[in-house]
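> here is my input, please return the structure:
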Amino acid sequence: MPLRSPVHGLPVVQERGREGGHVFAHRGGVSWLTSSSCLATAFFLPPSFPPLLLFLLSRYCSSNPAHPGSMKKAPLHGTSPATMGRKLYRLLHNTTHHAVEHVITYPSRLIYYLNEDSESTYHDLDTRIKNQATEGQAVHLAQASFQLEAFGSRFALDLALNTDLLSSDYVEIHYQAGKPVQSKGGEHCYYHGQVRGNDNSHVALSTCNGLHGMFDDGVYVYLIEPLQQTHSIVSASCRRELKYVLHKGFDSLISTSHTHHPLQHSTPDNCWCVFILQMPRSVFEEMKYLEIMIVSDHSMIFKEQLHTRVVLVAVEIWTDKDQIPISVRPLEMLRDFSKYRQQNIKHHADAVHLFSNATFHYRWSSAAYFGGMCSVSRGVGVNEYGNSLSMAGSLSQSLAQNLGIQWDPASKRKECGCVDPWPGCIMEDTGVQHPRRFSKCSISDYKEFLLKGGGSCLFNRPTKLFEATECGNGFVEVGEECDCGARAECYKECCKKCSLANGAHCSDGPCCNNTCLFYPRGYSCRYAVNDCDISETCSGDSGQCPPNLHKQDGYLCQVNQGRCYNGECKTRENQCKYIWGSKAGGSEKFCYEKLNTEGTEKGNCGKDGEKWIQCSKHDVFCGYLLCSNIGRNPRVGMMKGDITPASFNHQGRLVDCSGGHVLLDDDTDLGYVEDGTPCGPSMMCLDRKCLPIQSLNMSTCPSGPNGQVCSAHGVCNNEATCTCDTTWAGTDCSMPDPPKEPEATQDEGPKVSVATNRLIGAVAGTILALGVIFGGTGWGIE
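Have a look, this model is predicted:
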């Protein structure tokens, strides 16, 4: 039955095994894992590991295994989202009793022998194609089946090579003598599929060095991980030196990160590992893509593999030394990692996340910059390394924070309307099961993030995936004119066997109509979400909408009251409403001029130790944020200290000049005026200083013959190119280009591509949840 952990009220589940009791806990934010939503990593085991491996199977049992719903939740007395389940790793390390029941089993491959109609077991688990050319990477079988027996059951796993896993641009990078060396990536041995005879099951395994991965049968989740003996070098004639553990639990996650088994030994700490991933997600009508790089520190390279449908585009291995200091303070590591990314990581990514073997202080298991997606400096996160399941939750939640999604407060549980009351939702701090969905509050947060102009980098469609062309996978590859994937994912009459029908120009996309023709040039396919966004229009020769761009930083917005910055219109008024709600407003200039020059708690430009910093008169509008009509509790973040109320009689009326320090999980203080906020004519705030916009050192767009930027017939975008008005063209928008007669009607409105909504993969087990939330089949990763 559920127990209460003696540490910070953390709910735990007691599990019984043949060798004694063991207490486990799991974090409420960990996500459901399926064949298309299991973490998958490569290159975590050396090539010397033998192909046939011995497995150690472990079972997690509740007090009533036959009825998973009978497990009860322990109440969470004041447990905050930041502390909920953060220390699973530590709990497992500090437990004195041995873990769970162990069953030794020998998995085998199921193959057909010549002149036999039924399958037979085969001891060699290797899926590499025999007698292939020795040059180049090994090629693995397109399909394979495995069998293993445990817990009184026999499991037959039917698998297909996951061709959606690796990008065609996938590379590996390692360091030699302090310099990065790049090579083409390693062999592709990652499979997904089902347990035979069970349509509700999912499997994700790799076979490069035996079997590594997980599967679920609709009731239990089984995680397969290596259980090494002392000697890791094994001869070909003795293939059963390495043992594996199969953890079994209900679809509620019972994580076993870093569990000490009697036969398990630590692995060498000798390198770092970097993964670059891309993950698409759907919100409103159009699919967008999140490109994420995952970094794992040097002690993780031989730990285990992350099993998920991802598209891996690079692996970077730091074999010489750690490239940043590894700290037990998550916010300190977050800042260091942000600097490293800005200075050293040249690969394109919308977010970069580090998995570290460090055990963080302050009961944290991850830290990420809130709303930092698409920013080179803030699109980062750090996470504790655990097993696949615990990392799934950590990455799900830290990515959500990058996307502007807050923790669901317990006080708004009814309002947030989590549809899974027992397992809870991903950003809740309750539940002992494995949440699969985001709540209504999370959806609202994400929509607000997009409507403010965040996420502009997420619209680039993934490129061709790894390995052979496959008609029907939803990606237009070499030799294909179209690829609908599932039949409902594009106009079925337009695309036949991955070739366009006679007379068809396109089959899907916002710029393709239902008669298989392109919408004309200038037809709007993506509307601007705010004053700083740019409305994209069809090119007339493609079914896809052009990349999502926004105005260059510094443009005036909101009736000349604000300035554009990273696609958002920044004003003190907007910031006050965002923090304190729609009834709040920005204080008058008098408040800033009076209070921020005093250098007190009620007005300052930051803090130096215990001393408040006075703002210079030039910088008063970039210091402490002063608002009117604020409530007791902010709508985002957590209060640090109390509200600083202040009011003055000014010019015959009462002026409200209140503020407060509101902290996000990443330690960002929203109580100060944001970067990009205007502070004077052609001036904006940067790091609490009022600076000329020219100091941003932005690239300039071309000027036309009239001497004006983009000839005054377009706007300069964030790529420092001109986006021309629909009747103008050219790099400087100086060429008249009147629209032609439309070839197709616009009665329907833009048709959004559903083909892009197919699963490309999933990070951290969130794919099913994201599919439900954003109206598509889910997010993926490229």
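> burial count for residue 526?
24 (other Cβ atoms under 10 Å). Bear in mind the C-beta positions are built from the backbone N, C-alpha and C, glycine included.
> so how far is residue 456 from it?
Plainly put, residue 526 is 11 Å away from residue 456 if you go by Cβ to Cβ, to the nearest Å.
> report the spatially nearest residue to residue 701, omitting neighbours in sequence.
Nearest non-adjacent residue to residue 701, counting by Cβ to Cβ, 6 or more residues apart in numbering: residue 716, 3.6 Å away.
> who's in contact with that neighbour?
With contact set as Cβ atoms under 8 Å, 6 or more residues apart in numbering, residue 716 has these partners: 551, 552, 555, 700, 701, 709, 710, 722, 723.
> mind running it again at 10 Å?
Counting by Cβ atoms under 10 Å, 6 or more residues apart in numbering, residue 716 touches 551-555, 698-702, 709-710, 722-723, 733.
> among the residues you listed, which two are most distant?
Largest separation among the contacts of residue 716 by Cβ to Cβ: 553 and 733, giving 19.7 Å.
> who has more neighbours out of these two?
Set side by side, residue 553 and residue 733 show more neighbours around residue 733, with 26 against 21, by other Cβ under 10 Å.
> ok, that one touching residue 714?
Yes. When contacts are counted by Cβ atoms under 10 Å, residue 733 is listed as touching residue 714 (3.9 Å).
> which neighbours do those two share?
701, 704, 722, 723, 724, 725.
> any idea how far residue 356 is from residue 159?
Computed with Cβ to Cβ, the distance linking residue 356 and residue 159 is 32 Å.
> could you give the mean pLDDT of stretch 481-488?
If you average the pLDDT over stretch 481-488, you get 68.
> the helix or strand where residue 120 lies pairs with which strands, parallel or anti?
Using DSSP states H and E, residue 120 maps to strand 119-122. Paired strands of strand 119-122, with direction, are strand 108-112 (antiparallel) (DSSP bridges).
> how many residues are close by residue 632?
Residue 632: 9 neighbours (other Cβ under 10 Å).
> sec struct for it, please.
Local secondary structure at residue 632 is given as coil here, using DSSP: H, G, I helix; E, B strand; the rest coil.
> in the stretch 351-500 of the chain, where is pLDDT below threshold?
Counting by pLDDT under 70, the stretch 351-500 of the chain has low-confidence residues at 362-363, 387-389, 420-423, 429-436, 460-469, 478, 485-489, 491-492.
> helices of that one, start to end?
Using DSSP state H, counting those that start in this stretch, the helices of the stretch 351-500 of the chain run over 388-402, 413-416, 440-451.
> coming back round to it: now secondary structure, distance to residue 372 and neighbour count too, for the shared contacts of residue 733 and residue 714, in JSON lines please.
Below are those laid out as JSON lines (DSSP: H, G, I helix; E, B strand; the rest coil; distance: Cβ to Cβ, whole Å; neighbours: other Cβ atoms under 10 Å):
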{"residue": "701", "secondary structure": "coil", "distance to residue 372": "26", "neighbour count": "20"}
{"residue": "704", "secondary structure": "coil", "distance to residue 372": "36", "neighbour count": "20"}
{"residue": "722", "secondary structure": "strand", "distance to residue 372": "28", "neighbour count": "25"}
{"residue": "723", "secondary structure": "strand", "distance to residue 372": "25", "neighbour count": "21"}
{"residue": "724", "secondary structure": "strand", "distance to residue 372": "31", "neighbour count": "21"}
{"residue": "725", "secondary structure": "coil", "distance to residue 372": "33", "neighbour count": "17"}
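> rewinding a little: out of the contacts of residue 716, list just those in helices.
Using DSSP state H, no member of the contacts of residue 716 sits in helices.
> least confident of these?
Minimum pLDDT for the contacts of residue 716 is recorded at residue 698 (79).
> pretty sure that residue contacts residue 564?
No. The pair residue 698 / residue 564 is not scored as a contact, 11.4 Å apart, by Cβ under 10 Å.
> how about the strands in the stretch 551-700 of the chain?
Taking DSSP state E, counting those that start in this stretch, the strands of the stretch 551-700 of the chain run over residues 556-557, 562-565, 568-570, 585-586, 607-608, 611-612, 627-628, 638-644, 647-650, 653-656, 659-663, 678-680, 683-686, 689-692.
> and of those, who's closest to residue 146?
strand 638-644 (48.4 Å).
> which one is residue 702 nearest to, not counting chain neighbours?
Excluding the flanking residues, the one nearest residue 702 by Cβ to Cβ, 6+ apart is residue 732, at 4.2 Å.
> ok, how many other residues are close to residue 415?
12.
> do you know the pLDDT at residue 112?
pLDDT for residue 112: 72.
> again, but for residue 544
pLDDT at residue 544 comes out at 88.
> how about it, nearest residue that isn't a chain neighbour?
Counting by Cβ to Cβ, 6+ apart, residue 544 lies nearest to residue 509, which is 4.4 Å off, once chain neighbours are set aside.
> the one you found sits in which helix or strand?
Applying DSSP H and E, one finds residue 509 in no helix or strand.
> surely it meets residue 518?
Yes. The criterion here is Cβ under 10 Å, and residue 509 meets it with residue 518 at 8.9 Å.
> tell me which of the two has more neighbours.
residue 509 (25 against 20).
> and that one, how far is that from residue 523?
12 Å.
> re the thing from before, CA atoms only: put the strand holding residue 120 into PDB for me.
Taking C-alpha atoms only, strand 119-122 is exported to PDB below (Å, rounded to 0.1, in the frame of the first residue of the first chain):
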ATOM      1  CA  GLU A 119       9.000 -20.600 -36.300                       C
ATOM      2  CA  SER A 120      11.900 -22.000 -34.200                       C
ATOM      3  CA  THR A 121      14.000 -20.400 -31.500                       C
ATOM      4  CA  TYR A 122      17.500 -19.300 -32.400                       C
END
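> ok so, going back, okay, and the common contacts of residue 526 and residue 456?
With Cβ under 10 Å, 6+ apart, residue 526 and residue 456 have common neighbours 533, 534, 547, 548, 549.
> I appreciate the help and will end here.
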